[in-house]
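S.K.: Sequence and predicted structure below; questions after.
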Amino acid sequence: MSFSEDCVRFGDRLAKLVDAGVSVGDAAVSLRISRGRCYAILRATGRPAGSTRAAPGDLDAAQAVAVFTATGSINQAAKACGVSHGLARRLLVAQGLVAATRQPVGKAEAKRRFFELLASGWSPTRAAREVGVHERTGRDWRDGIRKVRNTRVRVDGTVIDYSTGTRYTQPVNTERSRRAQAGVPEISSRYLSLPDRLAIAGGLQASQKLTVIAAGIGKHPSTVSREIGDRNVDGLYLPYRPMPLQRRPVLARSSPNWSPTTICARRCKTGCRGDCRPNRSLIASSRISRTTRACG
């Protein structure tokens with residue numbers, strides 16, 4: 001929905017709520033839109049709300065420097081002077097109190113160390129505690145989830161907005177979306193793709209442990225172990241080798257079919273009469289063959 005449509009739809013209701021003494025934040029929750037959107041609608045409809053910011057020429061440089069020196073926060077200095085964060089920062093840069101180059105957003109070093117620990121076999125929870133971030137932040141890094149203000153954006157384009165309590169999907173330009181547009185069928189996560197098998201081959205060539213290889217491709221170590229066993233030829237793992245047919249189980253407990261050749265499960269004192277009936281309790285045991293019968 002466009003901004004002009006929001007102004008028509010929510011303008012009168014938002015103005016009534018604000019005139020009744022309801023805060024803009026509570027009105028935003030009631031209307032299920034963001035608080036910033038509410039302020040923009042009020043300004044567009046001629047009903048600005050909140051504290052007005054001072055003009056750039058009215059900025060008290062001494063007050064901004066004093067607040068920044070006491071708190072070390074550009075935001076606190078901007079609020080004290082009633083100006084925007086950018087204007088207060090430019091003033092502090094001119095005073096030589098703040099570096100002109102901006103610091104990188106996020107925790108790049110902690111994120112790099114987090115993925116190094118994951119590659120070495122650490123769990124996401126333990127790795128997050130080691131680098132000093134929240135466990136949920138570590139899971140978001142692992143799953144490729146981006147946090148934008150009060151929303152979380154997943155890799156498939158799903159956006160979860162916690163301000164309005166809504167969930168919607170936005171178009172994304174990822175390898176998965178490009179494959180879907182090209183009509184390439186997507187392999188199920190239950191199976192190993194060719195990149196996964198190549199990663200396993202590379203890990204084996206580097207003498208890595210199965211737990212490290214499994215953590216690198218996001219699979220269980222037992223899955224990697226079975227994959228290596230299925231495509232192993234003379235001790236060499238071949239990622240391009242076709243999957244062999246699964247061996248059928250020797251024992252079929254629910255199958256009523258019996259081989260015509262039977263042997264007695266126990267010695268009869270009078271000899272086997274040849275009319276022995278199946279003893280399913282013995283057949284269910286793996287210690288004897290499925291064609292074994294016992295005298296009745």
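M.R.: On my side now, so go ahead.

S.K.: so where do the strands sit in the stretch 151-296 of the chain?
M.R.: Ranges of strands within the stretch 151-296 of the chain are 151-153, 158-161, 166-169, 232-233, 236-237, 263-264, 292-293, based on DSSP state E, counting those that start in this stretch.

S.K.: Most tightly packed of those strands?
M.R.: strand 292-293 (a mean of 20; mean count of other C-beta atoms under 10 Å). Backbone N, C-alpha and C define where each C-beta goes, glycine included.

S.K.: I'd like the average pLDDT over it.
M.R.: Summarised as a single mean, pLDDT over strand 292-293 is 44.

S.K.: And for stretch 99-111?
M.R.: Here the average pLDDT along stretch 99-111 is 79.

S.K.: distance between the ends of it?
M.R.: End-to-end distance for stretch 99-111, by C-alpha to C-alpha, to the nearest Å: 24 Å.

S.K.: send the alpha carbons of stretch 219-227 over as PDB?
M.R.: In PDB, the C-alpha atoms belonging to stretch 219-227 read as follows (Å, rounded to 0.1, in the frame of the first residue of the first chain):
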ATOM      1  CA  LYS A 219      24.000 -32.100   8.300                       C
ATOM      2  CA  HIS A 220      24.300 -34.700  11.000                       C
ATOM      3  CA  PRO A 221      27.600 -36.700  11.200                       C
ATOM      4  CA  SER A 222      25.700 -40.000  10.700                       C
ATOM      5  CA  THR A 223      24.400 -38.600   7.400                       C
ATOM      6  CA  VAL A 224      27.900 -37.800   6.300                       C
ATOM      7  CA  SER A 225      29.100 -41.300   7.400                       C
ATOM      8  CA  ARG A 226      26.400 -43.100   5.400                       C
ATOM      9  CA  GLU A 227      27.100 -40.900   2.400                       C
END
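
S.K.: which residues are contacting that stretch?
M.R.: Stretch 219-227 has contacts (C-beta atoms under 8 Å, 6 or more residues apart in numbering) with L192, D196, R197, I200, L210, T211, I213, A214, I217.

S.K.: 6 Å instead, please
M.R.: If you take C-beta atoms under 6 Å, 6 or more residues apart in numbering as the criterion, stretch 219-227 is touched by L192, L210, T211, I213, A214.

S.K.: Could you check how many residues crowd around W141?
M.R.: W141: 22 surrounding residues under other C-beta atoms under 10 Å.

S.K.: Can you tell me the element it falls in?
M.R.: According to DSSP states H and E, W141 maps onto helix 135-143.

S.K.: Run through the neighbouring helices and strands of that helix.
M.R.: helix 124-131 (3 or more C-beta pairs under 6 Å, 6 or more residues apart in numbering; DSSP states H and E).

S.K.: residue boundaries of the helices in the stretch 101-250 of the chain?
M.R.: Ranges of helices within the stretch 101-250 of the chain are 108-119, 124-131, 135-143, 175-181, 194-205, 210-217, 221-230, based on DSSP state H, counting those that start in this stretch.

S.K.: ok so, going back, now render the strands of the stretch 151-296 of the chain as TSV, adding distance to Q205.
M.R.: Shown next, in TSV, are these (distance: least, C-beta to C-beta, whole Å):
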stretch	distance to Q205
strand 151-153	36
strand 158-161	37
strand 166-169	40
strand 232-233	14
strand 236-237	9
strand 263-264	50
strand 292-293	47
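
S.K.: tell me the least confident of the contacts of stretch 219-227?
M.R.: Note: of the contacts of stretch 219-227, the lowest pLDDT belongs to L192, at 84.

S.K.: Can you give me the separation between T101 and Q76?
M.R.: To Q76, T101 is 22 Å away according to C-beta to C-beta, to the nearest Å.

S.K.: of the two, who's got more company?
M.R.: Using other C-beta under 10 Å, the more surrounded residue of T101 and Q76 is Q76, with 15 against 7.

S.K.: How confident was the prediction at the closest residue to I41 other than its chain neighbours?
M.R.: Counting by C-beta to C-beta, 6 or more residues apart in numbering, I41 lies nearest to C7, which is 5.3 Å off, once chain neighbours are set aside. You'll see C7 listed with a pLDDT of 84.

S.K.: I'd say C7 and A44 touch.
M.R.: Yes. Using C-beta atoms under 6 Å, C7 is in contact with A44, at 5.3 Å.
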